[in-house]
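Engineer: Please work out how this folds:
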Amino acid sequence: MSFGVLNAEQATVANNVVAALATIVTAVTAVLAQVHILNRAEPLVTPVADPRNDAGAQLAPVDTEPPLTGPTRV
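Structural biologist: Predicted coordinates:
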């Protein structure tokens with residue numbers, strides 16, 4: 001059976017190529033959008049090393065000593 005210029009196998013290959021291109025374009029677009037969002041949001045994230053509010057007050061107390069850890073049991 002033929003479909004005009006293409007036979008059935010060629011039509012199947014053409015459909016698969018179009019589907020693959022659509023998938024690739026969607027994936028690339030999603031990655032680019034995510035990178036843009038991360039680049040825009042990164043400066044707005046509170047730093048973990050020294051968290052402070054807009055007034056400059058510390059959000060969490062600074063520990064001078066590491067927490068005590070006891071022996072671990074398995």
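
Engineer: quick one: the strands in the protein?
Structural biologist: 2-3, 6-7 (DSSP state E).

Engineer: Out of those, which gets the lowest mean score?
Structural biologist: Of all these, mean pLDDT reaches its minimum on strand 2-3 (a mean of 58).

Engineer: Quick check: mean pLDDT of stretch 34-54?
Structural biologist: Computed over stretch 34-54, the average pLDDT equals 74.

Engineer: which parts of stretch 32-40 are buried?
Structural biologist: In terms of neighbour count (16 or more other C-beta atoms under 10 Å), stretch 32-40 has no buried residues at all. Backbone N, C-alpha and C define where each C-beta goes, glycine included.

Engineer: May I have that stretch exported as CSV, CA atoms only?
Structural biologist: Only the C-alpha atoms of stretch 32-40 are listed here, as CSV (Å, rounded to 0.1, in the frame of the first residue of the first chain):
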residue,chain,number,x,y,z
LEU,A,32,16.6,26.1,28.6
ALA,A,33,13.6,27.3,30.6
GLN,A,34,14.8,25.6,33.8
VAL,A,35,18.3,27.1,33.4
HIS,A,36,16.8,30.6,32.9
ILE,A,37,14.7,30.2,36.1
LEU,A,38,17.7,29.0,38.1
ASN,A,39,19.8,31.9,36.9
ARG,A,40,17.1,34.4,37.8
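
Engineer: Give me the residues contacting that stretch.
Structural biologist: By C-beta atoms under 8 Å, 6 or more residues apart in numbering, no residue outside stretch 32-40 reaches it.

Engineer: Now do the helices in this structure.
Structural biologist: Secondary structure of the chain by DSSP state H: the helices cover 8-41.

Engineer: For residue 58, which non-adjacent residue is closest in space?
Structural biologist: Residue nearest to residue 58 in three dimensions, not counting chain neighbours: residue 52, with 5.7 Å by C-beta to C-beta, 6 or more residues apart in numbering.
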